[in-house]
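K.L.:
Below is the structure, and that's it, no one-letter string:
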């Protein structure tokens, strides 16, 4: 195997790896997400859903001492 052929093979393999990494990064960035901040004594939440599911976030309800309805973050 000549050096020129070996260089071409390495170059093509490197190109495939770079393109694959960019495609994976783009897919992760398009995943739907939502978040709810903390409200009084209720903790906040954050969720990232698969591309085919829709996130649903509902804020918690309560005062500084008690959380009556906790926040929820789900995929549907």
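P.N.:
Great, that's in hand. Bear in mind that the values here come from a model prediction, so they are computed numbers and not experimental data. Numbering: from 1, shown residues only.

K.L.:
CA only for contacts and neighbour counts going forward, please
P.N.:
Fine.

K.L.:
quick one: the residue sitting nearest the centre point of the chain and residue 34, what's the gap?
P.N.:
In the chain, the centroid-proximal residue (Cα atoms, centre = their mean) is residue 48; its distance is 4.9 Å. For residue 48, the distance to residue 34 (Cα to Cα, to the nearest Å) stands at 7 Å.

K.L.:
just the strands in the chain please.
P.N.:
Under the criterion DSSP state E, strands of the chain are mapped to 33-36, 45-48, 55-58, 61-62, 67-69, 72-75.

K.L.:
what lines up beside the second one in the sheet?
P.N.:
This points to strand 45-48. Here strand 45-48 is paired, per DSSP bridges, with strand 33-36 (antiparallel).

K.L.:
now the fifth one
P.N.:
Strand 67-69 has these partner strands in its sheet, going by DSSP bridges: strand 61-62 (antiparallel).

K.L.:
List the contacts of the strand it pairs with.
P.N.:
39-42, 67-71 (Cα atoms under 8 Å, 6 or more residues apart in numbering).

K.L.:
With stretch 36-51 instead?
P.N.:
30-35, 55, 57-67, 69-75.

K.L.:
Among the residues you listed, name the buried ones.
P.N.:
Among the contacts of stretch 36-51, those buried by neighbour count (16 or more other Cα atoms under 10 Å) are 32-35, 55, 57-61, 67, 70-75.

K.L.:
where does residue 69 land on pLDDT?
P.N.:
pLDDT for residue 69: 94.

K.L.:
cool, and residue 31?
P.N.:
89.

K.L.:
quick one, domains of this protein?
P.N.:
1-30, 32-76 (automatic domain parsing).
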